[in-house]
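Participant: 3D model of this:
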Amino acid sequence: MLSMKNYMEVIVMSAMDDILKDINMCKCEKCKLDIAAKALNDLPPQYIVTEKGEIYSKIKNLKSQFEVDVIAAITKAAILVKRNPMHDDPAVQ
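Facilitator: A predicted model of the protein is given here:
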């Protein structure tokens, strides 16, 4: 079965925990998703069409091409979310 996937999303989600471990901030699900959304908005989408299950091998091979950009985007997004966490805002929930 063929599927289409923005593999940048997978790369960001897989790199986030490792990057956030060095940043003293809330790591609740809402904050992590806000960080991912902000980072992905700053990164170019990279869509691929692949057989199910094949996507992870493609991502692994292409991840190093975008690693510096991903780290920078996640760090920038984490700083923004740390300064303005949305998990305490009742309008967001």
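Participant: return the list of helices and strands in contact with the worst-scoring helix or strand of the chain on mean pLDDT.
Facilitator: When each helix and strand of the chain is scored by mean pLDDT, DSSP states H and E, strand 47-51 comes last, with a mean of 78. For strand 47-51, the packing partners by 3 or more C-beta pairs under 8 Å, 6 or more residues apart in numbering; DSSP states H and E come out as strand 2-6, helix 55-83. (Each C-beta comes from the backbone N, C-alpha and C, glycine too.)
Participant: may I see the buried residues of that strand?
Facilitator: Neighbour-count burial for strand 47-51 flags Thr50 (criterion: 16 or more other C-beta atoms under 10 Å).
Participant: what lines up beside it in the sheet?
Facilitator: Strands that pair with strand 47-51, judged by DSSP bridges, come out as strand 2-6 (antiparallel).
Participant: run through who's touching the strand it pairs with.
Facilitator: Under the contact criterion C-beta atoms under 8 Å, 6 or more residues apart in numbering, strand 2-6 has outside partners Leu40, Pro45, Gln46, Tyr47, Ile48, Val49, Thr50, Glu51, Lys52, Ile55.
Participant: over to stretch 19-37?
Facilitator: 9, 12-13, 16, 71, 74-75, 77-79, 81-82, 85-87, 92.
Participant: what subset of these is buried?
Facilitator: The buried subset of the contacts of stretch 19-37 - by 16+ other C-beta under 10 Å - is Glu9, Val12, Met16, Ile74, Thr75, Ala77, Ala78, Val81, Pro85.
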